[in-house]
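Q: heads up, no residue letters with this:
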């Protein structure tokens, strides 16, 4: 096998027996293993960080299940391509020569917009096709709800140290190129730290070190060598774009930490590296709500306007719009109280379940509902001074519960002062 092919691709497993990690899914009792063994594959979405085996699992299924298997990349495919593949799947499903339901694998399914995802619904619901999606983004935010209701989500985890050790030794012992070299492994601390639980990144670092070592020398792996090689060529092991997750993390943390200089630098790294502008803009919108929030509500408006402006202006001028937004957000006061509030509320919902809505808050469109007391006693806020009246809005069991706690900034202090003022007034 040619050593021009990246090690990560040469080492890609073709069966579950060679697959490393994700034992909760592919171990003896794992649901995906059972589906493969029975040959009955249900639609599902694989969610996890890069380099943990999402695409590999799909390819293993393709190798072991004797049904038509189609693949699409959400980066390069539009509605037209999706419909063409679905038409072929429908023809396969009606063919007497096809034993099972065709499988459609969509890599980076989170990059499909709503209309593209909508185009999949009918085929999945009717059973024309089995959908397997892969995503690094939270499906709850990036995949439409009707599609989520038709496809189970399975979470993949970053590889553990033991998994990385097994992968390292398997590579140097079994790879057709590496097994002809002599390796001297003195320390793996830096290697595993830089890999960060990512199998592809680990193999690409090993590939880099091996290729930069003369054929006459032993391939030395220790902390100093790993750090030195990566500093000399920081993008060399990043052939499939994994580093953008590290850089976007640095970008977000720089804005959160109110450092506009670092924010613009990491933005420039992404622009120079060809990062998808829409990916950056989406992160800015999320950051504006999560990390700035109520301390400066205009931040979310500007971030959303940035997202819209990118679609209108395009590239390369769009980089200026991203820069303006990043600098503004970095210089904004910060608050995560909205983020904390919804987290606390979700925790309460999980703990206390579906508490009944108080009768006076319920809608009463029918006579029966009115007879049952729905809406009785509700006080219409606009009928009172200051458009406010004291009444219970939470379930009785949570009447004293507080989910939002104002942050230490002028904007939220003003909000709290208004609430205190309203609660202090007397409604007649």
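A: On my side now, so go ahead. Computed from a predicted structure; not experimentally measured.
Q: pLDDT weak spots in the chain?
A: Scanning the chain for pLDDT under 70 picks out 1-3, 96-99, 232-244, 425-428.
Q: Give me the most central residue, the chain.
A: residue 137 (1.3 Å; Cα atoms, centre = their mean).
Q: My read is that that residue contacts residue 110, right?
A: Yes. Counting by Cβ atoms under 8 Å, residue 137 touches residue 110, with 3.9 Å between them. Backbone N, C-alpha and C define where each C-beta goes, glycine included.
Q: Mind checking what secondary structure the residue nearest to residue 81 when sequence neighbours are not counted has?
A: Once flanking residues are discounted, residue 81 sits nearest to residue 72: 6.3 Å by Cβ to Cβ, 6 or more residues apart in numbering. For residue 72, the assignment made with DSSP: H, G, I helix; E, B strand; the rest coil gives strand.
Q: Tell me how many other residues crowd residue 72.
A: By the criterion of other Cβ atoms under 10 Å, residue 72 has 22 neighbours.
Q: Does it touch residue 80 like I think?
A: No. At 11.2 Å, residue 72 does not count as touching residue 80 under the criterion of Cβ under 8 Å.
Q: quick one, strands of the stretch 151-300 of the chain?
A: 152-155, 183-185, 219-221 (DSSP state E, counting those that start in this stretch).
Q: Run the chain-centre distance for the first one.
A: In terms of Cα atoms, centre = their mean, to the nearest Å, the gap separating the centre of strand 152-155 from the centre of its chain is 12 Å.
Q: again, but for the last one
A: From the chain centre to the centre of strand 219-221 is a distance of 35 Å (Cα atoms, centre = their mean).
Q: repeat for the second one
A: Centroid separation for strand 183-185 versus its chain: 36 Å, with Cα atoms, centre = their mean.
Q: Over to stretch 215-230?
A: Stretch 215-230 sits 33 Å away from the centroid of its parent chain (Cα atoms, centre = their mean).
Q: buried stuff in that stretch?
A: Neighbour counts using 16 or more other Cβ atoms under 10 Å place 219, 221-222, 225-226, 229-230 of stretch 215-230 among the buried residues.
Q: Filter those residues down to just the ones in helices.
A: Counting by DSSP state H, the part of those found in helices is 225-226, 229-230.
Q: Quick one: name whatever helix or strand follows the one helix or strand residue 344 maps to.
A: Assessed by DSSP states H and E, residue 344 sits inside helix 337-352. Downstream of helix 337-352, the next assigned helix or strand under DSSP H and E is helix 367-371.
Q: Give the next helix or strand downstream of that following helix.
A: Toward the C-terminus, helix 367-371 is succeeded by helix 410-424 as the next helix or strand (DSSP H and E).
Q: Just give me how far that next one sits from the chain centre.
A: With Cα atoms, centre = their mean, you get 36 Å for helix 410-424.
Q: contacting residues around that helix?
A: 294-297, 333, 335, 337, 386, 388, 390, 406 (Cβ atoms under 8 Å, 6 or more residues apart in numbering).
Q: Would you mind giving the residues you listed as CSV with neighbour count and distance to residue 424 added?
A: Output for those, formatted as CSV (neighbours: other Cβ atoms under 10 Å; distance: Cβ to Cβ, whole Å):
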residue, neighbour count, distance to residue 424
294, 22, 22
295, 22, 25
296, 21, 27
297, 14, 25
333, 17, 27
335, 23, 24
337, 19, 22
386, 11, 11
388, 17, 11
390, 11, 10
406, 17, 16
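Q: ok, which pair from the residues you listed is furthest apart?
A: Of all pairs drawn from these, the one with the longest distance (Cβ to Cβ) is 333 and 390, at 31.0 Å.
Q: Do I have it right that residue 328 meets residue 302?
A: Yes. Contact criterion Cβ under 8 Å: residue 328 and residue 302 qualify, at 5.9 Å.
Q: Identify the contacts common to these two.
A: Going by Cβ under 8 Å, 6+ apart, no residue sits against residue 328 while also sitting against residue 302.
Q: contacting residues around the closest residue to residue 78 other than its chain neighbours?
A: Leaving out its chain neighbours, the residue that sits closest to residue 78 by Cβ to Cβ, 6+ apart is residue 116, at 6.7 Å. With contact taken as Cβ under 8 Å, 6+ apart, residue 116 is in contact with 74, 77-79, 82.
Q: now residue 116: how far from residue 142?
A: 12 Å (Cβ to Cβ, to the nearest Å).
Q: cool, residue 127 as well?
A: Going from residue 127 to residue 142 by Cβ to Cβ gives 24 Å.
Q: Of the two, give the one with the bigger neighbour count.
A: residue 142 (19 against 10).
Q: how close does the more buried one sit to residue 300?
A: 19 Å.
Q: cool, and residue 145?
A: 22 Å.
Q: Please say which of these two ends up with more neighbours.
A: residue 300 (21 against 9).
Q: From residue 275, how far off is the closest residue to the more buried one other than its chain neighbours?
A: Nearest residue to residue 300 in three dimensions, chain neighbours excluded: residue 288, at 4.4 Å (Cβ to Cβ, 6+ apart). Going from residue 288 to residue 275 by Cβ to Cβ gives 19 Å.
Q: more neighbours, the two?
A: The neighbour comparison of residue 288 against residue 275 (other Cβ under 10 Å) goes to residue 288, with 25 against 18.
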